[in-house]
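S.K.: Could you look at this predicted model? Sequence included:
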Amino acid sequence: MNTDFKVTFLGTSAASASIWSSTSACLVQLGGTKILIDAGIGAVRQLQRADTNVDTLDVVLLTHWHLDHVADLRGLINARTNAIPLPVLGPELPSFLRRALLMFCPALLRDYRTVHGGQPIRILDVEAEPVDTAHGIPSVGWKLVDAEGGRCIVVSGDTRPVDAIASAASGAHLLVHEATYLHRHLASAVRRRHSTAWEAARLAQQAEVGALILTHTSPRHPVTTVAREAEAAYPGTVVATPLTVVRIESCHCQSDRTGNGWARVTLQPPGVTTQGSPPIHGRSPLHAGV
């Protein structure tokens with residue numbers, strides 16, 4: 001059965017929300033499995049706009065603990081109406097945040113699990129793996145693989161271009177990479193441990209990914225400008241906007257998976273989805289890899 005493997009971009013703005021976009025959050029779905037990657041400012045509202053009930057989420061995967069990636073975590077947990085714990089996985093939690101969560105959101109602290117790069121985790125129909133990144137604080141990207149069909153998505157999180165992401169993304173159907181800066185601001189990108197649009201595209205080109213989507217872009221830069229810079233290294237780059245939906249079709253012929261742009265990826269323009277959310281089952285979706 002060819003089940004949709006799709007990504008809904010909930011928030012795509014770097015650092016702070018704008019009138020056009022919330023900050024980092026995306027929903028990855030494979031059949032009935034629903035994985036939220038990051039929960040930045042406005043994530044709960046955007047899930048509602050994407051017609052997704054927060055009770056149906058199976059897990060939250062965090063890339064790091066900067067506020068623009070976790071600001072809606074407490075609201076997300078409080079918005080759930082069922083009694084099933086929501087597992088949250090991510091890198092090491094700073095001690096000062098641990099103390100704060102103990103007072104303001106003990107449920108999050110109870111259900112939080114620290115992960116390390118290369119540690120495999122089974123989430124229902126998806127094989128997940130954190131990937132070490134370089135952002136100045138403990139941080140990871142995420143590699144998500146369709147356990148039956150082999151389709152692969154890699155989400156970089158905030159990072160400088162690193163070999164670990166390039167390796168994880170090698171031959172991936174889709175790479176979602178941050179592009180906080182334009183290349184003329186490379187010095188700022190290096191100093192603040194981010195990537196430029198050109199750097200992200202160059203990494204995608206070298207990894208021969210099937211498709212590249214840029215996110216975590218600055219509201220100061222028009223989408224067309226970011227896309228134009230990236231396309232110099234990776235033609236066909238897409239810059240995500242809120243509620244863009246990307247569907248990844250199966251690619252059965254291995255010989256077709258060469259060069260860049262080989263993946264069969266369908267873009268749905270931003271808008272509210274029409275499918276309702278099925279009820280969640282009362283079982284833990286997580287199985288640690290051996």
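M.R.: Sure thing, it's come through. Residues are numbered from 1 along each chain as shown.

S.K.: Where does the prediction get shaky in the stretch 1-150 of the chain?
M.R.: 1-2, 17-20 (pLDDT under 70).

S.K.: now the helices: where do they sit in it?
M.R.: For the stretch 1-150 of the chain, the helices defined by DSSP state H, counting those that start in this stretch cover 43-49, 67-70, 73-79, 95-104, 106-110.

S.K.: would JSON lines of those helices with distance to V88 be doable?
M.R.: Where you see a C-beta, it was placed from the backbone N, CA and C, and this is true even at glycine. As requested, the helices of the stretch 1-150 of the chain are exported to JSON lines (distance: least, Cβ to Cβ, whole Å):
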{"stretch": "helix 43-49", "distance to V88": "13"}
{"stretch": "helix 67-70", "distance to V88": "9"}
{"stretch": "helix 73-79", "distance to V88": "7"}
{"stretch": "helix 95-104", "distance to V88": "10"}
{"stretch": "helix 106-110", "distance to V88": "6"}
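
S.K.: any chance of those in TSV, with distance to A179 and mean neighbour count too?
M.R.: Putting the helices of the stretch 1-150 of the chain into TSV (distance: least, Cβ to Cβ, whole Å; neighbours: other Cβ atoms under 10 Å) gives the following:
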stretch	distance to A179	mean neighbour count
helix 43-49	20	20
helix 67-70	15	21
helix 73-79	24	18
helix 95-104	27	11
helix 106-110	29	15
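
S.K.: of these, which approaches G157 most closely?
M.R.: helix 67-70 (7.7 Å; Cβ to Cβ).

S.K.: rewinding a little: of the helices of the stretch 1-150 of the chain, which approaches A169 most closely?
M.R.: helix 67-70 (19.9 Å).

S.K.: which residues are in contact with that closest one?
M.R.: 13-17, 23-25, 38-41, 62-63, 157-158 (Cβ atoms under 8 Å, 6 or more residues apart in numbering).

S.K.: The residues you listed in strands, which ones?
M.R.: A25 (DSSP state E).

S.K.: Which single one of the contacts of helix 67-70 is nearest to T215?
M.R.: Among the contacts of helix 67-70, and counting by Cβ to Cβ, the member closest to T215 is S24, at 7.2 Å.
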